[in-house]
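**Student:** How does the following fold in three dimensions:
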Amino acid sequence: MRVNCAIRRFPLEKTPIRSLCGSQFGYGACLSAISPTLAQVQDPWELSHTAVSAHASLVAASMIVAGLVYDRYAAHLPQRTVLRAGMVAVAGSAVLFSLAPGPSVLLSATLCVGLTSTFVQTGGLALLTGQQPAQRARSMVAGTLCASVASLLVPASLLAVSDVSGGWRFVWCAVALLFLGLTTLVPRDEQSGERAAVPDGDRRAPLGRRFALVAGAVAVGVGVEITVVYFSPALMKPAGLVLVAYYAGELCGRLEGMRTSQRGDVQALMRSVVLACTGFCVFWLVAEPGVALAGLALAGFGISRFFPLGLSAAVGVSRASGARSVARVHVLVGLAALVAPLVIGTAADRIGLGHALTAVPVLLVCMAVLLVAGCGTSVVRRRGVWAA
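**Tutor:** As a prediction, this is how the structure comes out:
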């Protein structure tokens, strides 16, 4: 399916999948390196918990800003050029991170990493918007799988050098080299004189009500994901085992998504919502540790496909350009990442964490309602299978 002339300039057949996988791997590497780095410098630099949380807020805010401005650059430059420039910018931000002499520069480096890495993720995903829905969904799941692998490898690397003085700096230098290497995976523009990747008409076109509903569902799903990751460890000890169970389920979900997403992103997404709700309720309500952890792994399995399949569905119903659609979804995702921990944390302080987490199944029901409203007749029950 060719959704606009911008996509016709960059058909996926001529854009190697390694461009997508490389950009998502790098994005996962960047974001997963921030938290362990802060943990290593918190005591030596005497960082307060408020200062540490400021980094998380900056990353979320940078996603919003990058989502708002990305399509402006994509309107005047080929998407591949924007993606390649973003990779170079991330490399520079990683170098700044590695050279940070103190907390203030480190905070600035976090902002730069958040802005530039979101550009790279958006650019990689925007190249896929001209695919058929099932193929696009499968490609996006493949990209998020690469991000998951990076999210495991980079923290492990930081742990391995934690006993070395300033070892985290070497890891960030390696991240910078990684992004410089990734620029070689982005194909050169077919025509050196090529101008805008997204015509002005497409950039100004309304996204449409259906897009707003589906993109809202994606944001709600991301809010659920962040809530589960932030607060589930507080319900059971040891916290590390809880996160291992969740991320193991997430990784399995993305591996399985490579197969099931071929049937259509809406179909697989609705099933993921059901699995996530069922798994979280088991974890939340069952006292037996083994059963509870299995429920959390099931929740992670379902949650793992919220963003890639939801983004694919949102692009599919949008009336505007693919790059603009992807960027606007990132704005809503950034808002969810910024607001969800604050709202749930405030509620937990007042009524208790167990009661506050009632919001998770409620939000999942809201997500399903938004998907049905946004996709309309694309979500129907036929012969016992959700059809898309």
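
**Student:** This protein: strands as residue ranges?
**Tutor:** In the chain, the strands defined using DSSP state E lie at 380-382, 385-387.

**Student:** which stretch in these has the least confidence?
**Tutor:** Of all the strands of the chain, the minimum mean pLDDT falls on strand 385-387 (a mean of 35).

**Student:** residues in contact with the spatially most central residue of the chain?
**Tutor:** In the chain, the centroid-proximal residue (C-alpha atoms, centre = their mean) is residue 307; its distance is 6.2 Å. By C-beta atoms under 8 Å, 6 or more residues apart in numbering, the residues touching residue 307 are 144, 218, 221, 222, 225, 333. From N, CA and C alone the C-beta is placed, and that goes for glycine too.

**Student:** ok, now residue 235?
**Tutor:** By C-beta under 8 Å, 6+ apart, the contact list for residue 235 reads 242, 283, 284, 353, 354, 357.

**Student:** Let me know the pLDDT of the fourth one.
**Tutor:** The per-residue pLDDT reported for residue 353 equals 83.

**Student:** now swap in the first one and tell me
**Tutor:** The pLDDT attached to residue 242 in the predicted structure is 80.

**Student:** Contact partners for it?
**Tutor:** Contacts of residue 242 by C-beta under 8 Å, 6+ apart are 232, 233, 235, 236, 293, 296.

**Student:** just these now: which is nearest residue 110?
**Tutor:** Closest approach to residue 110 among the contacts of residue 242 (C-beta to C-beta): residue 233, at 22.6 Å.

**Student:** What separation do you get for that closest one and residue 293?
**Tutor:** The gap separating residue 233 from residue 293 is 12 Å, by C-beta to C-beta, to the nearest Å.

**Student:** if you count what's nearby, which of these two comes out ahead?
**Tutor:** Neighbour count, other C-beta atoms under 10 Å: between residue 233 and residue 293, residue 293 has more, with 21 against 17.

**Student:** pretty sure that one is touching residue 243, no?
**Tutor:** No. Taking contacts as C-beta atoms under 8 Å, residue 293 lies outside contact range of residue 243: 10.6 Å.

**Student:** Can you pull out the low-pLDDT segments for the protein?
**Tutor:** Along the chain, segments meeting pLDDT under 70 span 1-16, 49-50, 53, 74-75, 127-137, 187-206, 239-240, 258-265, 320-323, 376-388.

**Student:** what about the helices in the stretch 151-300 of the chain?
**Tutor:** 167-182, 200-204, 209-231, 239-260, 265-285, 289-303 (DSSP state H, counting those that start in this stretch).

**Student:** State the distance from residue 81 to residue 87.
**Tutor:** 11 Å.

**Student:** What of residue 336?
**Tutor:** For residue 336, the distance to residue 87 - C-beta to C-beta - is 26 Å.
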